[in-house]
Each structure stands twice: as C-alpha cells, then as structure tokens.
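Chemist: Following is a predicted model, sequence given first.
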Amino acid sequence: MKNIVYLQAIHQVKKYRLFLFFLVSIFSVPRVSEAQVLGGRLFSTSPAVAEPTFSYATPTEYEIAEITVSGSQFYDGNSMINISGLQVGDKIKVPGDMIASAIRKIMDQGILEEVEIYATKTEGTKIWLSIILKERPRLYAIQYTGVRKGEQESLNEKVKTYKGKIITETLRKNLELAIRKFYQEKGRLNIKTQSVIKTDTLRGNNATLMVNVVKGEKVKVNKIFLTGIEPDARNLILRKIKNTKERRFGRIFKPSKFVPKKWDEDKEKLLAAMNKLGFRDFQIKSDSIARFDDESINLTINLTQGKKYYYRSISFEGNYIYPDSVLKDVIGIKKGDIYNTEELDKKMNQNPGEDLSSVYMDNGYLYYNAEPIETAIEGDSIDLTIRISEGKQATINKVILNGNTKTSDHVVMREIRTLPGQKFNKSAIIRTVRELSTIGYFNPEKISPNPMPRPDGTVDIEYNVEEKPSDQIELSGGWGGYIGFVGTLGVVFNNFSAKNLTNLSAWRPLPAGDGQKLSVRFQANGAAFQNYSLTFTEPWLGGKKPNSFSISLNRSISYPYQFRDTGGGAGGYGNGYGGGGYGGGYGGGGFGGGYGGGGYGGYGGGGYGGYGGGMSNYSVPDSLLDAHFNVNSITFSLGKRLKWPDDYFSLSHSLAFSQYDVDRYYTWAYPQGMSTSITFMTNFSRNSIDNPTFARMGSSFSLTGSLTPPFSLFGANESGTLIEYHKWMMDASWFSPLVGKFVLHTRAHLGFLGSYGGRETTRFERFDLGGSGMVQGFSFNRDIVGLRGYKDRVIGPSGSYGNGGVAYNKFVMEVRYPVSLNPSATIFVLGFAEGGNNFSSLKEYNPFNLYKAAGFGARIFMPAFGMIGIDYGFGFDKPRPGDSDFGRQAFTFSIGQQIR
C-alpha cells in the first residue's frame, strides 16, 4: 500500500481549546523530518499522483482553486464556505493559520459537532480544499423519568418548540430551565433536572433527550416578616396577601405552598389594596426569600406604610357645559372619604352610563378629557382638582360594518343605535354591542366598536364582527315515559331569508342573511306517536320597525293502546301555545321568544309533543287499537319592542286555535269527541341580559296571561266542547358578577291556572313539576317545569299523580363559572340549589312549602346543536308519603335553554 502522509485539521466542541493549543504548538515548532500535508488522497480512476510534502519550517503559498463541502444535510454548502472566510482565488500559506481560523469561524456558529478541512489536490501553486462537516443531532423526542403521565402532557406542551432543533448545550439548558420553572410554579423550588442525549440510529441524525426529574417536596411558607410598618397593620396586610399564606395547622382552602408567580401577583394586589384603603404612599421596597428548612422558607418584605389619606375637597376646572354641582353628584365623593384612586378612576371612566365620561361622551363630546390633579396635601388631607377639556361635539359621519359575511347589512344596521347625523354617544355604542350579541349571529367576544375621529370634527364608527354558526340541527332519541323510545329530527334556521327562496344562487344550503327564523321538527315512535311542527318568525315585519310576526303549525297523533308492549300507565297531555313573542322562540315548540329578541315572548311555536300512556302485557280488543288523542293547532303572534319604560321592554300578543280529537281515551276524564280551544295570550317582558349563551350581568322578566272566552257565562258551552280557562305565568331571572369569573344566577317562576264562574278547572294546561323538564316534547297541553334531583313530573298534588297542579312556584340559585368562551364550544360549570312545589288548588298554595334539591352540573353550547346540559342533583324531600327515596335521582340531562 502506498504510504500517504496527510494533515487532518479536526475541531471538536468539547476539545476546542485543547485542540487550538495543540494546533498552534505544532505550527510553531519546525519539524522537517515529519513532513505534513493539508490534504489526503485524491480519489480518481487515474493513477495516483505523488503528493508533495509541506514543511513547517518553510510554509508554501498556494492559491485556492476549488472549495467543496460534504457531510451537510440541513445547511447550504455555499453558506458554510462564506462563514469560513475562504474563497476561490485566495492565497493561503500551508502550513498556516488561515485553515485554523476557518475551522474556528464555522464552529463558532454552534450548530456542528465536527469540522475537517482536507487538501484533496495540489498542482503547482494551486490547491483544492474539501470541508467535511459532521452535524449535531436534532431533537426528535423527549423522554422523562420521575414525572407522572398527566404531567408529561403538560411538560410536552411547554417544550414543544424545542423539537426539531439542533441539540446544543444552550438548548439543553433552556429546556431544563423550562421544566424547572413548570414545577417551581407549582411550589416545588427544590426541583432538579439532568439530561442525557440518546442517539437514534433508526432516524438518521436525530436523537432523544432523556430528562431525569427529581421534583422534591413542595416548599411551604413558614413565616412572612413585614418590616417598615406599624405593628397594628400586620394583620391587615397579611389578609390582603391572598395566595401566599403562612404555614398553620388546619389551613385547607389556602395552603401555604410558595409559588413564585402567585407571590408576584400577591405583591401587585397588595399594593393596589393598600392604595384603595387610602395608603397613598405605601410601597414595597424589596422582598427576599430565606430557607428555613428543607421543606419551607421565610419571606421578608420591606415596606413603607405611610399615612392614611382622606379627601378634603374636590373642585373642577374647565367645565363650561355642566356646573360643578352636577359633576360632584356624578363623582359622589365627599369631604372625609378615604382617598381611593381606584374608586376615583371608576367614577370618572369605568362605569358606563353613570361615570363622568358618560356625562360628556353621551352628549357628543368625543374629545372630552379629564385629569385629576392633587393640588394640596396637608397632614392626612388631600385637595383634588379635576381639570376638564370639553372639546367640541362630534357628529357621526358614517357607520362602517366589517365581518358580516353572511348576515345582510340591513339586519345589522337595524340593531345599531349610532346612526349618521346623530351626536356621538358612548352609551349607544355599548348598547349596540349588547344588541349585536343577543341576536345570536355573531361571536359576542369578537364584537369591537372603533370610533375614528375625522379632521372636520365628525366621527366614523366602525363595528367589527365575526360571524358564528347560528343554525341548529337536532337528531336525538330519548325515553318518553310510557311511550318508550321517541326519536327526534329537527332543524332550526335562525338567520333565514324568505325573499331569496326563488334565488337559487342564495341557497347555501338554504337562503340566509335576513334574520328570519324557520324551524321544522318531527318526533315519532312508529305509528303509536307522531308530532310535526313548523314555525316561521319574521322579527322585523315590514323591515322598518321591530314588530315581530310568527306563525306556527302543529299536529300530534297518539294511539295510546299501541303502547301496550312498552309499559303501562297513562300519559299526560299538553298544549304549548304560542308562536313566540318578539324575536321568535326556541326551536319549534315549547317556551318561546327567548333571549334572542327581547324577552321570553310568551309560549313558543306550538310546543306540542305527546305521549299517551299505555297498557302493559295484557290483551286489548281490536276495537280499541284505533283509540286516539290527536291535536291540530295553528298560532299567530305579533310582537313589538317598546320605548317605554325603556327599550328593553317588549309586548306580544298571540291567538291560538287548537282542536282536540279524543276517541275512547281512558284516563283523567278528558272529554271524548272533539274539543276546541281559542286562546288569546299577552306577554309583557323585559330583557337586558348581555349574552344569551353565558350571561354575566343583566336581567329578564316575563309576565304572560292566557285567556279563552268565557263561553259558559253566556250559555254558549252546554256541550262542554269549548275549553275554558285563564292562566297566568311569571318568570324572572337575574345575573350578577361575583369574584373573578364567577357569576350568580337567580330565578323565580310562578304559575296559576283558573276557571270562570267557579266551574271545575280544566284538565288541560296544568303544571307538571320534576326532573329536567325535557318531557315537554312528549306532553300534550301541559307546562312541564324541571326540578333537578327528582324524577320527571313526580311532584304534584298528593294522591293525584299525573293529574297535574293548578298552581306552582320554583326558586333557583346557581353559581356559574366559564371554562371556555370559544363560540364553537362554550362551556361552563355550575353549582345549584333550588326548590319548588305544585298544588291542586289556589287555597293550598304556599310559597314556602318547597321540595328542595342541590347539586352541580355543566353546560356546553355548540352552534349546531344548541345548549346541552347535564346535572347531578339530590332531592332532600320525599315527593310521596311513605316512599323511601321515590323521585330522588342523581343525573338529569337537558337539551336547549331551559327557561323554567
């Protein structure tokens, strides 16, 4: 074998400094006896050419003829040549320091593990160079030891940005730092990590990082030392530190673990809380942590407490439109009140409709500005002057809509309270946002108004919205009591366009964008039970005023003896009148009007379902197989949004015609043959709820009266085929924000059914109480009221199970918390306590005699399916004397917004 001598310049990361020392040494010591060449064999099919030798004593100058790069998978070879500083045509001395410098420049990039430069060929004074690279591995996966499976998912989310990157010492340090920070935020300050690279031979230049985690114990706070304060202030300050508590026996709800992030939040909140109490000069100078033992620390905070200040006087400057007396009433601060800058800011800018800015900006003064100035501080008293720049009134030039890709402009514009030519009005903008939220076509979290002042003193107002899916499909099945399994298929188009029915290009899949509502629903249990309903609602009849019109058609068919194989007993019947008030209703049946258009709006859209009870496991004559209870109805409704007492009120009127065909029906003394009901309904309601899906504030109130003509009083009902009654319903709901994101929701519901002239109260239109309220779709002529913790319809007059009551009340209190407000899946959880009862007569009515229950649940709203809920409730009382736990149950399931 031919003896070839070569110099191999190798640079490895861990041996970088040692190699440079060695390289400089051999370059600086002449060794003629051991000739070195920068290069090696030139691989070729031609005979090998004898390689020249290089002497360190007499370096030779060469001109670079060519530079090649090999071994690079992810990096451009030309980039590596540029980084090296070597170029074709450059003259270098061999041996010399330019090669070492080139290697150093490439290695300084921190992305390679090894660099070699060879001389592959020399001819005369020309030299051919080859740069050979060995890349660092890339991070393919991370494996943990000492970490629970659930924590691994969270950790992977924290460090996912590192995957695919080159594994360097910096990457390893930053990744381990992210892991330690994750656990430190959970109170584990003694966390330790160590990582090892494991080469992956199956995936080329990839590697797995093995991270060993020693979490250690959670660190507790032994003691919090406060310096710079008066002794009697210590307990006050410690109470204001909400998340970081001293270790104490029996502490459960606020454990004493130390979490750095929570501690930083506590310091900010402490400063704000003390300023709110009048300690204007309060400061946190410094804080420190000292180890107490292996499991706990001591915290020391160096504070400046200062005095507690009070207002001595408040004056105004620059106010020409409104006198001082008006502005002082708005501010509401008097001499001797605690000096509280947070409360002052709220009264000036943060209380829409009632703050100082609203006084001006609701009257067109868009350019208004106010600045509080402390003009004198004497002892513990402060004089405050609010300097006001009123500016000129601004008129709205134009309104711009962005983002309504589906909903027509005229549908959006009719909800907007800021119109061209009007004076700028801050409260009107806030009200517009609320109205756009409640119509249900846009994501409430994405509605943003943007006033844009113009040089001529006018203002353009831009409303940015984001469409959300509003149509719903219902495909479900459920157990309908005695009728067995009932399937439901329904669709609701909440933004329908009737005028585009003939425009085929507008069908996507149906014409949409005009804000009308079309609902079609079908329920069936084979031939034994069928229900069909169709509802159409126009919320702006004529297109100019918010006058709603709706029509609802409904047909229910029930053959009770066909149920004899599904279970015995008898079923209730109902008659959900309506057609909805202003804004339509929910779906095609049940209680209507809804949050979407100003109040509950009376009974909604027909609302007939049904089941008929049945016979079980015994012979039924063929002559009874066609016994039936059928209902046909049509309802017309007109609604109007009122301006007095305010424009949150609405009034609706409905007229319903229903025909009942009862043939050989065997229970509850329903009149046989044909019966007719002509019912007039009036609904008076107010709705100021800010968001129909997850409300944070506002209220809704609905009062409904339903009356049939008193035919018997005029001697016109001798046959008894005309149904007579009067019915009164009240529903009220309040939403109030609590601490953080928690919301308090309270409700009250009352209902009374009466007759004319002391006659027996009709068997129709009674109340059933208990369960989730979901039986509404299977019950003719009944108002089904839910009461979680009890079985469906179990609460009623003693000894008359299934007959229903003529008076009921229900009271509910819920605490809600949002988990996700994403419009594609809004989720919130709740805890509830509620009570209600159902009475056989008005004489027995007692609002304090309640069946009580409590529990918790969750709601998820998906645009395609509406609101879906599940609750776990426990009933505390026995619905029937002698029953051990009759009626009490754990879980209830609901679909749609449950009004009652």
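Modeler: Looks like it came in fine.
Chemist: May I ask which helix or strand encompasses Ala102?
Modeler: For Ala102, the element it lies in under DSSP states H and E is helix 97-107.
Chemist: packing partners for that helix?
Modeler: For helix 97-107, the helices and strands in contact under the criterion 3 or more Cβ pairs under 8 Å, 6 or more residues apart in numbering; DSSP states H and E are strand 9-12, helix 16-28, helix 77-84, strand 112-123, strand 126-135. Bear in mind the C-beta positions are built from the backbone N, C-alpha and C, glycine included.
Chemist: The third one - contacts with which helices or strands?
Modeler: In this case it means helix 77-84. The elements that helix 77-84 packs onto, with contact taken as 3+ Cβ pairs under 8 Å, 6+ apart, are strand 60-70, helix 97-107, strand 126-135.
Chemist: and those as CSV, adding mean pLDDT, distance to Lys218 and mean neighbour count?
Modeler: Compiled in CSV, the helices and strands packed on helix 77-84 are given as follows (pLDDT from 0 to 100; distance: least, Cβ to Cβ, whole Å; neighbours: other Cβ atoms under 10 Å):
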stretch, mean pLDDT, distance to Lys218, mean neighbour count
strand 60-70, 90, 53, 16
helix 97-107, 87, 43, 19
strand 126-135, 88, 42, 18
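Chemist: With distance to Glu378 added, can I get those in TSV?
Modeler: Rendered in TSV, the data for these read as follows (distance: least, Cβ to Cβ, whole Å):
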stretch	distance to Glu378
strand 60-70	79
helix 97-107	69
strand 126-135	73
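Chemist: right, and these - which one's nearest Tyr368?
Modeler: Between Tyr368 and the helices and strands packed on helix 77-84, the shortest separation by Cβ to Cβ is 62.1 Å, and it involves helix 97-107.
Chemist: and of the helices and strands packed on helix 77-84, who's closest to Leu436?
Modeler: Nearest of the helices and strands packed on helix 77-84 to Leu436, taken as Cβ to Cβ: strand 126-135 at 55.6 Å.
Chemist: Outline the domain layout of this protein.
Modeler: Listed by automatic domain parsing, the domain ranges of the chain are 9-135, 138-214, 220-304, 310-389, 396-464, 472-895.
Chemist: most neighbours per residue, which of those?
Modeler: Comparing those by mean neighbour count (mean count of other Cβ atoms under 10 Å), domain 472-895 comes out on top with a mean of 20.
Chemist: what does the average pLDDT come to for that domain?
Modeler: Regarding domain 472-895, the rounded mean pLDDT is 77.
Chemist: Check stretch 306-315 too.
Modeler: Average pLDDT, stretch 306-315: 94.
Chemist: how long is it from one end to the other?
Modeler: Across stretch 306-315, the terminal residues are separated by 25 Å (Cα to Cα, to the nearest Å).
Chemist: got the contact list for stretch 826-836?
Modeler: Under the contact criterion Cβ atoms under 8 Å, 6 or more residues apart in numbering, stretch 826-836 has outside partners 693-694, 745, 749, 769, 785, 787-789, 795, 808-820, 850-861, 871, 873.
Chemist: Restricting to C-alpha, output that stretch in CSV.
Modeler: The C-alpha coordinates for stretch 826-836 follow below in CSV (Å, rounded to 0.1, in the frame of the first residue of the first chain):
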residue,chain,number,x,y,z
THR,A,826,-68.9,27.5,25.0
ILE,A,827,-68.5,25.5,28.2
PHE,A,828,-69.4,26.5,31.8
VAL,A,829,-69.9,24.6,35.1
LEU,A,830,-72.3,25.4,37.8
GLY,A,831,-73.5,24.6,41.3
PHE,A,832,-77.2,25.0,42.2
ALA,A,833,-79.7,25.0,44.9
GLU,A,834,-83.4,25.1,44.1
GLY,A,835,-86.9,24.3,45.4
GLY,A,836,-90.4,24.2,44.1
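Chemist: From the chain's centre, how far out is that stretch? Work that out for me.
Modeler: For stretch 826-836, the separation from the chain centroid amounts to 17 Å (computed by Cα atoms, centre = their mean, to the nearest Å).
Chemist: ditto for stretch 692-703
Modeler: On the basis of Cα atoms, centre = their mean, stretch 692-703 sits 17 Å off its chain's mean C-alpha point.
Chemist: Stretch 404-413 now?
Modeler: 24 Å.
Chemist: distance between the ends of it?
Modeler: Chord length of stretch 404-413, first to last residue, is 11 Å (Cα to Cα).
Chemist: now do stretch 509-525
Modeler: This stretch, stretch 509-525, spans 29 Å end to end (Cα to Cα).
Chemist: Ok, stretch 411-420 next?
Modeler: Its start and end residues considered, stretch 411-420 measures 17 Å (Cα to Cα).
Chemist: Identify all contacting residues around it.
Modeler: Contact partners of stretch 411-420, identified using Cβ under 8 Å, 6+ apart, comprise 396-399, 401, 404, 424-425, 428-429, 431-432, 435-436, 439, 441, 461, 463, 465, 495, 513-515, 540, 546.
Chemist: rerun that using 7 Å as the cut-off
Modeler: Under the criterion Cβ atoms under 7 Å, 6 or more residues apart in numbering, residues 396-399, 401, 404, 425, 428-429, 431-432, 435-436, 439, 461, 513-515, 540 lie in contact with stretch 411-420.
Chemist: gap between it and the chain center?
Modeler: For stretch 411-420, the distance from its own C-alpha centre to the chain's C-alpha centre is 27 Å (Cα atoms, centre = their mean).
Chemist: can you give me the strands in the stretch 451-600 of the chain?
Modeler: Chain-ordered strands for the stretch 451-600 of the chain, with DSSP state E, counting those that start in this stretch as the definition, fall at 459-464, 472-479, 485-496, 516-525, 529-538, 547-558, 569-570.
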